[in-house]
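[1] test case, fold it:
(one chain, ligands or ions: 1)
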Amino acid sequence: MKEKGRILIVDDDNYVMLSIRILLEQHYEDVRGINNPQQIASALAENHYDVIILDMNFQPGVTSGQAGLDFLQQIKQQSPDTAAVLITAYGEIDLAVEAVKLGAFDFLVKPWQNEKLLSTVNAAFQLNRTAQKVTKLEGKQAVLNQMLDAPFANIIGESEAMKAVFHQIEKVAQTDANVLITGENGTGKELVARAIHRSSFRSNEVFLSVDMGAITETLFESELFGHKKGAFTDAKTDRVGKFEAANGGTLFLDEIGNLAASLQAKLLRVIQDQQVVRVGDNAPKTLDVRLVCATNANLNDLVQSGKFRQDLLFRINTIEIKLPELRERKEDIPLLAEHFLARFKNKYHKKGLFVPDYVMTKLQKYDWPGNIRELQHAMERAVIMSDGKQLHVADLSIGETNPVTEGPSDDLNLESLEKWAIASAIKKHQGNISNAANELGLSRGAMYRRMEKYEL
Ligand SMILES: Nc1ncnc2c1ncn2[C@@H]1O[C@H](COP(=O)(O)OP(=O)(O)OP(=O)(O)O)[C@@H](O)[C@H]1O
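    Next up is the predicted model:
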């Protein structure tokens, strides 16, 4: 099958041009030729070429190659991602060096061998395609970074506790120190790890995340350090481990407290030596990886009880960032709730939806054991369940705010009974307000009015 590439041959010798063209047309979809180098500019303006094959001497009797070098510079200026292969009958090595310095991909000497010409053009084509992909990806990455980079744009919080965290992120990001992020589940540890990476000089390199709790002991080494083909029964090909893949960038080891003792020793060795050896190999590879670890466990306690190596803890906690629980920064709840509301309103096309004050008060009173993740889920659920106007506490499905369901209390106060009946119906119908209203013989509007009254 032919490659989907476009190639231009520039040679004033029609015979040379034609024979290269016939050869390349067997391998590439679009091969064109021009015999006047003055037409290069217009050819490049009209089409993008993957590879240009350029003669170096154009005036009869002139063999300095200077004309080729001049046109090469013009090509590089006009179309920097087109690979140029130069051809000359006078294979002067100095000229070859000069041309490559000026950005030529390679140099061929007439008379050429077809295989050599083909392999050179092919290599130029492949390299060019890879370079184009990289440029595209870098462009995408830059756009993503821009979106996310506005100082921690996606980490919401204005409380003193969060300001202190932002300050710490800024400070550690400038260094290569290993960072340990601690905090309960859902407090934003991974988010902070990514922010550190994006604010660091490694931001254009990779950020890789590994959940240490999810890696089995048997796969640990192969996952993290890689393996050679044949190292064990299932090793059908060479495999790059996460450490090697993160080289130059940041490796985020989540749930580090869950690592088995035997594996802690292996990890410690790699961190100490800054080298990995793939399973089944014996050549160590030196690495430049910034390590950020996270845990919801108290590693000092684990050290005390002999479950975590103290020397490993010292290696990973050069700087420790402790993330506050959401219940310790309740002043951030309205901001976070509005942030998630905006996101999910957009996602579920419920434009006019808002959070009434009494619901916001409920959100702030609740303790959020699952922290921001729980708040995010509660908001998403409530947006989905809502009638599109305002959020109701019942839609949030957060345990404690709905403490209703044991049965009507002994006091036969009508309001208490009504509150109990409404809450029970909502629970019975799993938050489906219409069905609950039906069962109670109420209209939806009357149902919502009562939910508001009883803060349900
Ligand atoms: N300050 C914040 N602002 C906005 N979203 C946040 C914030 N903190 C956390 N989140 C969101 O909450 C969810 C949980 O965050 P993240 O995964 O970073 O927490 P974690 O502490 O790493 O959790 P776990 O310990 O369970 O792995 C994510 O969807 C994240 O985007």
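
[2] is it true that V303 lies in a helix?
    Yes: counting by DSSP: H, G, I helix; E, B strand; the rest coil, V303 is found in a helix.

[3] the closest residue to the ligand within the stretch 201-350 of the chain: neighbour count?
    Relative to the ligand, the nearest point of the stretch 201-350 of the chain is N296 (4.9 Å; Cβ to the nearest ligand atom). Backbone N, C-alpha and C define where each C-beta goes, glycine included. With neighbours defined by other Cβ atoms under 10 Å, the count for N296 comes to 18.

[4] wait, it sits on E184?
    Yes: with contact defined as Cβ atoms under 8 Å, N296 counts as touching E184 (5.5 Å).

[5] domain map for this protein?
    Structural domains assigned to the chain are 3-133, 154-324, 327-453, following automatic domain parsing.

[6] CSV for those, including mean pLDDT?
    Written out in CSV, the entries for the domains of the chain read as follows (pLDDT from 0 to 100):
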stretch, mean pLDDT
domain 3-133, 86
domain 154-324, 92
domain 327-453, 84
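
[7] get me the contact residues on the stretch 351-456 of the chain for the ligand.
    Residues of the stretch 351-456 of the chain that fall close to the ligand, judged by Cβ under 6 Å from any ligand atom: I372, R373, Q376.

[8] residues contacting the second one?
    This points to R373. When contacts are counted by Cβ atoms under 8 Å, 6 or more residues apart in numbering, R373 is found next to N185, G186.

[9] next SSE downstream of the one helix or strand K266 maps to?
    Taking DSSP states H and E as the criterion, K266 maps to helix 261-273. Scanning forward in sequence from helix 261-273 by DSSP H and E, the next helix or strand is strand 275-276.

[10] give the pairing partners of that following strand; include direction for each.
    strand 285-286 (antiparallel) (DSSP bridges).

[11] just give the nearest non-adjacent residue to K110, would you?
    A89 (4.1 Å; Cβ to Cβ, 6 or more residues apart in numbering).

[12] where's the one you found relative to G65, distance?
    Per Cβ to Cβ, to the nearest Å, A89 is found 10 Å from G65.

[13] which residues do the two both contact?
    Common neighbours of A89 and G65 (Cβ under 8 Å, 6+ apart) are N57.

[14] which of the two has more residues huddled nearby?
    Shown here are A89 and G65; by other Cβ under 10 Å, G65 has more neighbours (21 against 14).

[15] so the more buried one sits against T88, correct?
    Yes: assessed by Cβ under 8 Å, G65 is found in contact with T88 at 5.9 Å.

[16] what residues does this protein have near the ligand?
    So the chain meets the ligand at 154-157, 183, 185-191, 254, 294, 296, 372-373, 376 (Cβ under 6 Å from any ligand atom).

[17] so among those, which ones count as buried?
    The neighbour count (16 or more other Cβ atoms under 10 Å) marks 155-157, 183, 186-189, 254, 294, 296, 372, 376 as buried among the residues of the chain next to the ligand.

[18] what is the burial count for the closest residue to W368 other than its chain neighbours?
    The shortest distance from W368 to any non-neighbouring residue, by Cβ to Cβ, 6+ apart, is to L326 (4.3 Å). Neighbour count of L326, defined by other Cβ under 10 Å: 26.

[19] ok now do L326, which residues does it touch?
    G186, T187, D332, I333, L336, W368, N371, I372, L375.

[20] how close does P369 get to M385?
    In terms of Cβ to Cβ, P369 sits 21 Å off from M385.

[21] ok, back up a step: quick one, phi/psi of the residue of the stretch 201-350 of the chain closest to the ligand?
    As for N296, its main-chain torsions (degrees, to the nearest 10) stand at phi -100, psi 0.

[22] need the contact list for it.
    Contacts of N296 by Cβ under 8 Å, 6+ apart are T182, G183, E184, N185, K189, E255, G257.

[23] show me these that map onto strands.
    T182 (DSSP state E).

[24] quick one, strands of the chain?
    Taking DSSP E as the criterion, the chain carries its strands at 3-10, 28-34, 51-55, 83-88, 106-109, 179-182, 207-211, 226-227, 239-240, 250-254, 275-276, 285-286, 290-295, 319-322.

[25] what does stretch 99-117 rub up against?
    For stretch 99-117, using Cβ under 8 Å, 6+ apart, the contacting residues are 16, 20, 23, 51, 56, 65, 68-69, 72-73, 76, 83-89, 91, 95-96, 120, 123-124, 127-128.

[26] make a ChimeraX selection of the buried ones in those residues.
    Restricted to buried positions by 16+ other Cβ under 10 Å, the ChimeraX selection for the contacts of stretch 99-117 reads:
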select :16,20,23,51,56,65,68,69,72,83,84,85,86,87,88,95,96,120,124,128
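
[27] distance check, V355 against the ligand.
    Distance, V355 to the ligand, by Cβ to the nearest ligand atom, to the nearest Å: 16 Å.

[28] quick check: closest non-adjacent residue to that residue.
    Nearest residue to V355 in three dimensions, chain neighbours excluded: L391, at 4.9 Å (Cβ to Cβ, 6+ apart).
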